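Engineer: Below is the structure, and that's it, no one-letter string:
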């Protein structure tokens, strides 16, 4: 067996340097959860995304900031399959080409999205909303004859506790307050058990208390899940962020921890003007 | 904290106590009371239910089944079909083929072929009439052909994400296309006269009170059965998914559900139900012709559902009964005014009664309580 | 001097008199008596003289109103009173006067002679009828000179074409090969089915023995087919464009109410119907009160129909649609209800049967390019009318303030309201405009087709097809779609018959929308709800 370099014998132990058999599903053996390369999207001549390249590691909590129109929501649309890029590649893990999958497939593969505006099922109860979201068989037979397992029911109870809606379990979701709806949607996201969470302005319209709780929640699930948060609220960003990506006019302007971003000339120019 | 029981006993899930009482009462009236009052009670008695009432009620029950089919796709899933008349009519035609065969030699020309084929100078049955003299085959046709058409149409429409009014308009186009097709004599379905003059079904003469009552009871049983199956669907997870599609389809997609699958399933099932309703309708009404496929008829189905109360199942039955009952009354008493009434109904229900009559009752009841 | 002059005049009159008095008592007698051959010879001489004065007598012969005595012919009317055939004055009928008997051969010859003579009458209709009669009857060499004379004189294109053909038909039987070839060529130029028939029968019969002429006939037949095809093609294109122009008018109003405002108006067809009935009412008004101005009634009907339907539209908008903005499915159902009410209303007022709307004289008749290409004036005018209306609407939407407001409101209602656009009023006016245009479509329809309470039903599905096909919100798209659909369905009709054609068009549109939803169906853009 050829030695590929490094400590003699180590190769056989770690498998480093060798390929591995491809398994179906998400493959994150190289530690990358999400990979965008030179993604371009134009709407009627307007370039929403301009050769955008970024990558998110497994277990990372990344925050994306940028002025309005920078392309943050379009980027989310591309990742979740709502919009197809004109050029560029979008990969989930090593092997899943997101540009070739449709929205349900992408969601089933393990990407969950929370929208800017809380999007929940108004006519259903809080419990039913979570019941719909809980990770299980998405087919017809299951819909007709499937039942919630004990484990799933426990999980829903757990989430209800986390989002503090246990007492409102049987209420119509449409009757919740704005902040509660945001939380319900986050709860639904958690119920999906996604490997990658995309949160589009999760604390918009929340009180300070709620914002703090949201930060706590995110920090608690970081590591087990990979998270991408788009936000404007810089205080919130400060509490949760390790690495920040600044988007501007459809591409990455700067990337790095909070201090370096705050002191970055280009960022200051873009945000504050000249 | 008690969890809501999502896996209750089936019976309890379908209906609560009062609900089941209603179902049983309905069954009793249809299967026992009316047949007794029609067949056993003499005609001179005040309690006698005349034949035409039986026929009318049977017809309305067929419409009620059709309205249930509509409620499933529109009331619950938000798909406004303005072409459901196609499936109804096709079911009727499929069963009608069997009934035409059953005329045997008793037609005006005393030939093997139905009269209209003799008119056209045809010498033999076309290929698509093969086996239609067998009752079971006719049932198979009723069950399969309209549903297959629905599946094909739905697949292409839902896959292209056609929604809302666009979808409604192309269902209109579809029904017009078929209506024109069936108006042609060469299509082999009786042209603009359609099928009529039925004599027998399964060997029994159609025009007797006994046969009519049997058909009546069968229709009633199918109606109740459809209601219960509908309840099973809407009280279960599938029902919640359908409502989710109606309210926030994109959200559902991002949760990993493929709406195409569910829409196609309920759409095909609904077409199947509509076809069954059509098959029950034809022997009771005695005629089927292409005007059943007219766009106006299909649009009327929507108003039955809306009048009763969308998304309630029972509302659909109620609405079908109210509107068709009114139609019978108007066309007998003030024929000139029927269309004013119907048109006005469309306007009033959409403006003031978005939840239909049931919704109104609900509102009044809750006002009373508070 | 005066004597000489009067002599000259006298001789001139005599000579002229002799010329015009070629039809005299003797000729009349010869026409009415004797053997068939002799009579036919007499007929031929009358034709040769091209004597229009013979026409009345020939007509009387045909009517069996002539009797003869020993040497004189008399015209006898129903009461038995006799007149002189030449002078027209009363004459006494001798007792031995016999009826004139005309066998079929004589009849045919007299008819043909009459037709030939009538070719030089001043009245166009008479000449046209004569030419057509000759076409239908038997023509032979005896008629040739008159026909040729008529060909030289005839200015009217339609009659000229028939005469040229007749000439060629006669010459086809000429013993002279060169003349026959010339005739074949002349017939080959035409595009009428009758020319084709004449040539084919000549080819089929054994009369034509010359190989060159036979070859020429075959070539000429092919040429006729080509011409016919060309004209038929042009005729179909024209009818398609005509249909397209009507669809365009029908869809134009919808392009505004649906394309721009997003309102599904199922009563759009009924607004057209109201426009047609308004035209009917104006027609009746003119008939009873201004009969001298009847020709102008369509011009008066245009503003009336527009105004009436615009008002009806605005009432619908104010009372119903205003409360349903944004709820398309409800709007669809509510407007369907309105359509039922409108239809029944019209039935109550005007009755359920179709009503009679006449074309004024300047719209009646056809523009004939050839036998296969006859363009009715009313359709030509309607095409022009559609163009004018489209241009006006385009101008209104792009160059006026109202158009600007309409576009602003439909693109961003909240913003428009913020900058002071009176959105409610703009909605009402825009819907009124769309409805008024539907009324104009109704005026057009009344001139072309039947007017009845369910006139609108035929157009509603097609109108939506046009708007959806052309691209919701785009006027140019609607124009193209309407014309395209019109032409395509006419061609399809020619191939498969009207019913299958309509089905194919519907299926085509359904499939087309699915393949190319034009980005309006697929979920793109920011809103999560799509």
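Structural biologist: Thanks, I have the structure now. From a predicted model like this one, the values you see are computed outputs, not experimental measurements.
Engineer: In terms of pLDDT, where does residue B:79 sit?
Structural biologist: The per-residue pLDDT reported for residue B:79 equals 94.
Engineer: which stretches of the chain form strands?
Structural biologist: Defaulting to chain A. All strands of chain A, identified by DSSP state E, fall at A:32-43, A:46-57, A:61-65, A:87-92, A:96-97, A:111-114, A:196-200, A:226-230, A:243-248, A:251-256.
Engineer: meant chain B actually
Structural biologist: Under DSSP E, chain B gives strands at B:195-196, B:200-201, B:204-205, B:287-288.
Engineer: Quick one: residues contacting residue 180.
Structural biologist: In the absence of a named chain, this looks at chain A. Contact analysis of residue A:180 by Cβ atoms under 8 Å, 6 or more residues apart in numbering or on different chains lists A:165, A:168. All C-beta spots, glycine's among them, are computed from the backbone N, C-alpha and C.
Engineer: Chain C was what I was after
Structural biologist: C:171, C:172, C:173, C:174, C:208, C:210, C:213.
Engineer: how is chain C carved up into domains?
Structural biologist: Domain assignment of chain C by automatic domain parsing yields the ranges C:22-157, C:234-529.
Engineer: what about these, which gets the closest to chain B?
Structural biologist: Evaluated over the domains of chain C, closeness to chain B peaks at domain C:234-529, with 2.5 Å, by Cβ to the nearest Cβ.
Engineer: So which residues on the stretch 101-250 of chain B come close to chain A?
Structural biologist: For the stretch 101-250 of chain B, the contact set with chain A under Cβ under 8 Å from any Cβ of the partner chain comprises B:233, B:236, B:237, B:238, B:240, B:241, B:243, B:244, B:247, B:248, B:250.
Engineer: Take those and keep only those in helices.
Structural biologist: B:233, B:237, B:238, B:240, B:241, B:243, B:244, B:247, B:248, B:250 (DSSP state H).
Engineer: pLDDT weak spots in the chain?
Structural biologist: In the absence of a named chain, this looks at chain A. A:1-18, A:272-274 (pLDDT under 70).
Engineer: The intended chain is chain C.
Structural biologist: Residues of chain C meeting the criterion pLDDT under 70: C:1-22, C:137-138, C:191, C:370-372, C:470-475, C:514, C:516-530.
Engineer: Skipping adjacent residues, who's closest to the residue nearest to the spatial centre of it in space?
Structural biologist: In chain C, the C-alpha nearest the mean C-alpha coordinate belongs to residue C:376, at 2.8 Å (Cα atoms, centre = their mean). Nearest non-adjacent residue to residue C:376, counting by Cβ to Cβ, 6 or more residues apart in numbering or on different chains: residue C:366, 5.1 Å away.
Engineer: which ones are touching that neighbour?
Structural biologist: Neighbour list for residue C:366: C:374, C:375, C:376, C:377 [criterion: Cβ under 8 Å, 6+ apart].
Engineer: Could you check how far it is from residue C:136?
Structural biologist: Using Cβ to Cβ, to the nearest Å, residue C:366 is found at 20 Å from residue C:136.
Engineer: Would you mind checking which of the contacts of residue C:180 is nearest to residue B:111?
Structural biologist: residue C:208 (51.9 Å; Cβ to Cβ).
Engineer: Contact partners for the closest one?
Structural biologist: When contacts are counted by Cβ under 8 Å, 6+ apart, residue C:208 touches C:180, C:202, C:214, C:217.
Engineer: Pull the number of nearby residues for the residue of the stretch 1-150 of chain A found nearest chain C.
Structural biologist: The stretch 1-150 of chain A approaches chain C most closely through residue A:115 (4.7 Å), counting by Cβ to the nearest Cβ. Neighbour count of residue A:115, defined by other Cβ atoms under 10 Å in any protein chain shown: 23.
Engineer: wait, it sits on residue A:186?
Structural biologist: No. Judged on Cβ atoms under 8 Å, residue A:115 makes no contact with residue A:186 at a distance of 11.1 Å.
Engineer: count of residues packed around residue C:402?
Structural biologist: When neighbours are defined as other Cβ under 10 Å, residue C:402 has 14 of them.
Engineer: Then residue B:287?
Structural biologist: If we define neighbours as other Cβ under 10 Å, then residue B:287 has 16 of them.
Engineer: rewinding a little: would you mind listing which of the contacts of residue C:180 are buried?
Structural biologist: C:171, C:172, C:173, C:208, C:213 (16 or more other Cβ atoms under 10 Å in any protein chain shown).
Engineer: about what we covered before: with mean neighbour count as extra columns, can I get the strands of chain A in a markdown table?
Structural biologist: A markdown table is the format used below for those (neighbours: other Cβ atoms under 10 Å in any protein chain shown):
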| stretch | mean neighbour count |
| --- | --- |
| strand A:32-43 | 19 |
| strand A:46-57 | 18 |
| strand A:61-65 | 23 |
| strand A:87-92 | 18 |
| strand A:96-97 | 16 |
| strand A:111-114 | 27 |
| strand A:196-200 | 24 |
| strand A:226-230 | 25 |
| strand A:243-248 | 22 |
| strand A:251-256 | 18 |
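Engineer: Could you export those as a markdown table, including distance to residue C:287?
Structural biologist: Shown next, in a markdown table, are these (distance: least, Cβ to Cβ, whole Å):
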| stretch | distance to residue C:287 |
| --- | --- |
| strand A:32-43 | 59 |
| strand A:46-57 | 60 |
| strand A:61-65 | 76 |
| strand A:87-92 | 70 |
| strand A:96-97 | 75 |
| strand A:111-114 | 70 |
| strand A:196-200 | 69 |
| strand A:226-230 | 73 |
| strand A:243-248 | 74 |
| strand A:251-256 | 74 |
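Engineer: burial of the closest residue to residue C:515 other than its chain neighbours, as a residue count?
Structural biologist: Closest residue to residue C:515 apart from its sequence neighbours, by Cβ to Cβ, 6+ apart: residue B:160 at 7.6 Å. Neighbourhood size, residue B:160 [other Cβ under 10 Å]: 19.
Engineer: what's the pLDDT at residue B:160?
Structural biologist: According to the model, residue B:160 carries a pLDDT of 81.
Engineer: List phi and psi for it.
Structural biologist: phi -80, psi 10 (degrees, to the nearest 10).
Engineer: Could you do residue C:96 as well?
Structural biologist: For residue C:96, the backbone dihedrals (degrees, to the nearest 10) come out as phi -90, psi 20.
Engineer: For the nearest residue to it once chain neighbours are set aside, grab the count of nearby residues.
Structural biologist: If the residues on either side of it in the chain are set aside, residue C:96 comes closest to residue C:69, at 5.8 Å by Cβ to Cβ, 6+ apart. Neighbour count for residue C:69, taken as other Cβ under 10 Å: 16.
Engineer: next one: residue C:428
Structural biologist: By other Cβ under 10 Å, neighbour count at residue C:428 equals 19.
Engineer: quick one, phi psi at the residue nearest to residue C:376?
Structural biologist: The phi/psi pair for residue C:366 (degrees, to the nearest 10) is phi -130, psi 160.
Engineer: same question, residue C:421
Structural biologist: The phi/psi pair for residue C:421 (degrees, to the nearest 10) is phi -70, psi 130.
Engineer: Against residue C:412, how distant is it?
Structural biologist: When distance is defined by Cβ to Cβ, residue C:421 is 10 Å away from residue C:412.
Engineer: With residue C:366 instead?
Structural biologist: 51 Å.
Engineer: Good, wrapping up.
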